[in-house]
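In: Provided below for reference: sequence and predicted model.
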Amino acid sequence: MKRMLILVLSLSILLTCSIISSDKVSACSCMSLTATEKIQINDTIFSGTVIDRDYQGGFIFNVDKIWKGELPDGYVNGGRDPGMCGTSFDVGSSYLVYADYRNDQYVTNMCSDNMLLSKATDDIQILDDLLSLNWLEKYWLVILLGVVLLLTSLITWTILRTISKKRTS
């Protein structure tokens, strides 16, 4: 009987401690990701203004800039219920949106780390630095190869011309 009382009392204390010390719990648990990780795991990243929404949880954006992927029709599904891990956007507001392509549509949710464009300065700077390379950075290898071919041609032409002059002399 004494053992049973000690067991019940111990379990009661453990249960009380776990309830008191528990943090706020959500059905959706989101990991905190760096900007580089968000770039790697998402299929499309864009900024745009919400121009319309539907009752299926979708939003139509007027896209301003795409850093990664594509968004041909401007439609992103944010989930029917924002309380069930979905997300919501306000019509008329501009956002930086991270989305995946699943089941023939672009989707995003509360864990995608979408944000108002006015608060996305740091992410936009990182996106510009990592993904928006200028033409010289994109084509430096082609330019280098062209220069090497030009120099090789010039050297070959000079050698052949010298050999030709020696034969005629």
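Out: Structure's in. What do you need? Numbering: from 1, shown residues only.

In: got the contact list for the spatially most central residue of the chain?
Out: Nearest to the geometric centre of the chain sits Ile39, at 3.1 Å (C-alpha atoms, centre = their mean). Shown in contact with Ile39 (C-beta atoms under 8 Å, 6 or more residues apart in numbering): Ile45, Trp67, Lys68, Ile126, Leu127, Leu130, Leu131. Heads up, the C-betas are built off the backbone N, CA and C, glycines and all.

In: helix or strand right after the helix or strand where it lies?
Out: Per DSSP states H and E: Ile39 is located in helix 35-41. Downstream of helix 35-41, the next assigned helix or strand under DSSP H and E is strand 44-53.

In: gap between whichever helix or strand comes after that next one and the chain center?
Out: Going down the chain from strand 44-53, the next helix or strand is strand 58-68, by DSSP H and E. Centroid separation for strand 58-68 versus its chain: 13 Å, with C-alpha atoms, centre = their mean, to the nearest Å.

In: give the buried residues for strand 58-68.
Out: Gly58, Phe59, Ile60, Phe61, Val63, Trp67, Lys68 (16 or more other C-beta atoms under 10 Å).

In: pretty sure the second one contacts Leu71?
Out: Going back to what we said before, that points to Phe59. No. If you go by C-beta atoms under 8 Å, Phe59 and Leu71 don't touch, sitting 11.1 Å apart.

In: next, count neighbours for Thr87.
Out: 21 (other C-beta atoms under 10 Å).

In: so which strand or helix has it?
Out: Under DSSP H and E, no helix or strand contains Thr87.

In: hang on, the earlier thing: and the residue nearest to the centre of the chain, what's its pLDDT?
Out: At Ile39, the pLDDT value in this model is 87.

In: now swap in Ser94 and tell me
Out: Value for Ser94, per-residue pLDDT: 97.

In: and the closest residue to it other than its chain neighbours, how close does it get to Phe61?
Out: The shortest distance from Ser94 to any non-neighbouring residue, by C-beta to C-beta, 6 or more residues apart in numbering, is to Leu117 (4.0 Å). When C-beta to C-beta, to the nearest Å is the yardstick, Leu117 and Phe61 sit 11 Å from each other.

In: noted, bye for now.
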